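S.K.: This is the structure alone, sequence omitted:
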Ligand code: ADP
């Protein structure tokens, strides 16, 4: 038998591991800032699960089903991104779905305090690691809550949201105004 060269790859008998990551959040609604992080995560991992938090105690503009629909639409071009919802602890969701990594965007130093604490807690209680991605400076001020507030008062948020999401936001605000 010819000896194997040191650089030659040894074929694996077990199936290769799929590298999975979760991008969690409320996504009420998804913004270009979220999309930036999701698309960059999709380049780094084989599979990215956008995990929508079901939080019944927080009032939201869009239902979980609507948020999932919007996310599914705007991530349709990435072949390796899927959208799901979860309630309870994120680390439990990660464990049940064999996801070892959470990807989070950091907008500013103010995000860091809370995110660091969460990341350390998630590693401590669930063994799940967190990867922080600095946001594209273009989106460092961008948050769903701010977008909703500006749009409510008639401000222009066109450049901050995917077009389909912007349309839905406008019609939701029209529905609300008509109902008043
Ligand atoms: P949360 O309820 O945690 O604020 P969000 O839906 O607002 O949920 O955001 C989910 C995650 O998306 C945040 O924790 C952050 O990691 C990321 N994110 C939100 N907005 C931006 C942005 N403008 N740039 C980069 N990342 C962002």
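M.R.: Perfect, I can see it now. Everything numeric here is computed off the predicted structure, so don't read it as measured data.
S.K.: Around the ligand, pick out the residues from the protein.
M.R.: Residues of the chain lying near the ligand by Cβ under 6 Å from any ligand atom: 25-27, 33-34, 37, 104-105, 107, 135, 139, 142-144. Every C-beta, even on glycine, is put in place using the N, C-alpha and C of the backbone.
S.K.: If any of the residues you listed are buried, put those into a PyMOL selection.
M.R.: The PyMOL selection below is limited to those of the residues of the chain next to the ligand classed as buried (16 or more other Cβ atoms under 10 Å):
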select buried, resi 25+26+27+33+34+37+104+105+107+135+139+142+144
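S.K.: Take the residues of the chain next to the ligand and keep only those in strands.
M.R.: Residues of those located in strands (DSSP state E): 25, 104-105.
S.K.: Just the strands from the chain, written as ranges.
M.R.: So, for the chain - with DSSP E - the strands run 20-25, 47-53, 81-86, 101-106, 129-134.
S.K.: coming back round to it: what's the closest of the residues of the chain next to the ligand to residue 74?
M.R.: residue 34 (8.9 Å; Cβ to Cβ).
S.K.: Skip the chain neighbours and tell me the closest residue to the closest one.
M.R.: Counting by Cβ to Cβ, 6 or more residues apart in numbering, the nearest residue to residue 34 once its immediate chain neighbours are dropped is residue 27, at 6.1 Å.
S.K.: which residues sit in contact with the one you found?
M.R.: 34, 50, 52, 67, 70-71, 144 (Cβ atoms under 8 Å, 6 or more residues apart in numbering).
S.K.: Need the max-distance pair from the residues you listed.
M.R.: 50 and 144 (13.8 Å).
S.K.: how close does residue 76 sit to residue 82?
M.R.: Separation of residue 76 from residue 82 (Cβ to Cβ, to the nearest Å) stands at 11 Å.
S.K.: so what's residue 165 up against?
M.R.: Contacts of residue 165 by Cβ under 8 Å, 6+ apart are 29-31, 70, 74.
S.K.: Let's have these in JSON lines, adding neighbour count and pLDDT.
M.R.: Formatted as JSON lines, the contacts of residue 165 follow (neighbours: other Cβ atoms under 10 Å; pLDDT from 0 to 100):
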{"residue": "29", "neighbour count": "25", "pLDDT": "98"}
{"residue": "30", "neighbour count": "28", "pLDDT": "98"}
{"residue": "31", "neighbour count": "21", "pLDDT": "98"}
{"residue": "70", "neighbour count": "23", "pLDDT": "98"}
{"residue": "74", "neighbour count": "25", "pLDDT": "98"}
